[in-house]
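Undergrad: Just a sequence and a predicted model for now, questions to come.
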Amino acid sequence: MTDYFAGDPRTNHERMLAGDHYIADDPDIAREAQRAVRLAAEYQAAYVRDAEAARPILEELLGELGAGAHIRPPLHVDYGSRITVGEGTFVNVNLTALDVAAITIGRDCQIGPNVQLLTPTHPLEPQPRRDKLEAARPITIGDNVWLGGGAIVLPGVTIGDNSVIGAGSVVTRDVPANVVAVGNPARAVREL
């Protein structure tokens, strides 16, 4: 088997946090992912009874949750700890936020249902154990951004302040501030 990390003394978890390639089925990484699954399930169950009382669980799950931010469950994350949600942001149901790398959502954003924020990347060349080799690139969403239902934001993308991403769009590259972007791949179609 190929040793992809010969001469690199870091753990897979350390490589992951650095944004470098790592082996995804590492036991330390699995424990962190299991914590996220548990907290997301606890959040959803508590939200059914009392949305405000559930907030401390969400605060424990996420890296940072701004004042007045609201996330409707279900919420699906890899780890949660690398997600920042700005104040006043509203996230509708069924957000999938794969936070192998940092995901930053600005203030006063509106996130539609079934949105996917995907930071993981995978090698393209088939080799032994390549199916387990991953890396990631962060996603940054500016302030006052609207993401329409079903939008998908891919690794490494930044969306500028005050922009709108149309429902079902696939954002493959950066979107400037103050535009409406739609399609697959998403393209700016008008300035705001």
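TA: Nice, I can see it.
Undergrad: okay, and for this structure, where does confidence drop off?
TA: Along the chain, segments meeting pLDDT under 70 span 1-2, 123-133.
Undergrad: and the longest helix for it?
TA: Counting residues, the longest helix found in the chain (DSSP state H) is helix 27-49.
Undergrad: Contacts for the very next helix or strand once past that helix, please.
TA: Using DSSP states H and E, the next helix or strand after helix 27-49 towards the C-terminus is helix 51-61. Surrounding helix 51-61, the residues in contact under the criterion Cβ atoms under 8 Å, 6 or more residues apart in numbering are 36, 39-40, 42-43, 46-47, 65, 70-71, 75, 77, 80-81. To be clear about C-beta, it is placed using only N, CA and C from the backbone, and glycine gets the same treatment.
Undergrad: hmm, 7 Å instead?
TA: Residues outside helix 51-61 that contact it (Cβ atoms under 7 Å, 6 or more residues apart in numbering): Ala36, Leu39, Ala40, Glu42, Tyr43, Ala46, Tyr47, Leu65, Ile71, Gly80.
Undergrad: could those go into CSV alongside distance to Pro113 and neighbour count?
TA: Below are the contacts of helix 51-61 laid out as CSV (distance: Cβ to Cβ, whole Å; neighbours: other Cβ atoms under 10 Å):
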residue, distance to Pro113, neighbour count
Ala36, 21, 20
Leu39, 21, 20
Ala40, 16, 19
Glu42, 22, 15
Tyr43, 17, 25
Ala46, 20, 18
Tyr47, 15, 20
Leu65, 19, 21
Ile71, 12, 26
Gly80, 19, 24
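Undergrad: and of the residues you listed, the nearest to Thr119?
TA: Nearest to Thr119 among the contacts of helix 51-61 is Gly80, at 12.7 Å by Cβ to Cβ.
Undergrad: Apart from its chain neighbours, what residue comes closest to the closest one?
TA: Counting by Cβ to Cβ, 6 or more residues apart in numbering, Leu61 is the residue found nearest to Gly80 once chain neighbours are left out, at 4.1 Å.
Undergrad: export the contacts of helix 51-61 to JSON lines and tack on distance to Gly148?
TA: Putting the contacts of helix 51-61 into JSON lines (distance: Cβ to Cβ, whole Å) gives the following:
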{"residue": "Ala36", "distance to Gly148": "26"}
{"residue": "Leu39", "distance to Gly148": "28"}
{"residue": "Ala40", "distance to Gly148": "23"}
{"residue": "Glu42", "distance to Gly148": "29"}
{"residue": "Tyr43", "distance to Gly148": "24"}
{"residue": "Ala46", "distance to Gly148": "28"}
{"residue": "Tyr47", "distance to Gly148": "23"}
{"residue": "Leu65", "distance to Gly148": "23"}
{"residue": "Ile71", "distance to Gly148": "17"}
{"residue": "Gly80", "distance to Gly148": "24"}
